[in-house]
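**Q** Generate a structure from the sequence data that follows.
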Amino acid sequence: MIPRGAQGGQAVLVDPKGDDYSLYKGATMVTPNLKSCARWSAAEGREDLEARAQRLRAELRLEALLLTRGEDGMTVFRNRKIFHVKAESARCPTSRALATR
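**A** Next up is the predicted model:
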């Protein structure tokens, strides 16, 4: 499904399930949450977490990776840049839901 969407010029957004993220290679964006992502469970601090997320984004050839972090909000990793969004600053219902998952 991911190759079809990409070939048709559609953005392919994935809410990943399980630990095999290679299934999502080539998607536009993957939106894991911190609690369920085994790759980050062993991260040692913020810098390590960010490095792991950027590596995964590059490995999977994603345009972006949106990491939902519960009460800590969301972090977007895109083009080697990192954007943090606080949970309380998420204005639309969907953003609030993503930020508090």
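**Q** Scan this protein for its longest helix.
**A** Determined from DSSP state H, the single longest helix within the chain is helix 46-59.
**Q** Show me what that one is in contact with.
**A** 21, 25, 39-40, 43, 62, 64-65, 67, 75, 77-78, 80, 82 (CB atoms under 8 Å, 6 or more residues apart in numbering). All C-beta spots, glycine's among them, are computed from the backbone N, C-alpha and C.
**Q** after it, next one along is what?
**A** Reading on from helix 46-59 to the C-terminus, the next helix or strand found by DSSP states H and E is strand 64-68.
**Q** That next one vs helix 46-59, what angle?
**A** 140 degrees (axes from the mean of the first three to the mean of the last three CA atoms, to 10 degrees).
**Q** rewinding a little: just the closest of the contacts of helix 46-59 to Asn33, please.
**A** Closest approach to Asn33 among the contacts of helix 46-59 (CB to CB): Leu67, at 7.4 Å.
**Q** Tell me the bridge partners for the closest one.
**A** Thr75 (DSSP bridges).
**Q** Rebuild the contacts of helix 46-59 as JSON lines, extending it with pLDDT.
**A** Shown next, in JSON lines, are the contacts of helix 46-59 (pLDDT from 0 to 100):
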{"residue": "Tyr21", "pLDDT": "90"}
{"residue": "Lys25", "pLDDT": "93"}
{"residue": "Arg39", "pLDDT": "63"}
{"residue": "Trp40", "pLDDT": "60"}
{"residue": "Ala43", "pLDDT": "72"}
{"residue": "Leu62", "pLDDT": "94"}
{"residue": "Ala64", "pLDDT": "93"}
{"residue": "Leu65", "pLDDT": "94"}
{"residue": "Leu67", "pLDDT": "90"}
{"residue": "Thr75", "pLDDT": "91"}
{"residue": "Phe77", "pLDDT": "93"}
{"residue": "Arg78", "pLDDT": "91"}
{"residue": "Arg80", "pLDDT": "84"}
{"residue": "Ile82", "pLDDT": "93"}
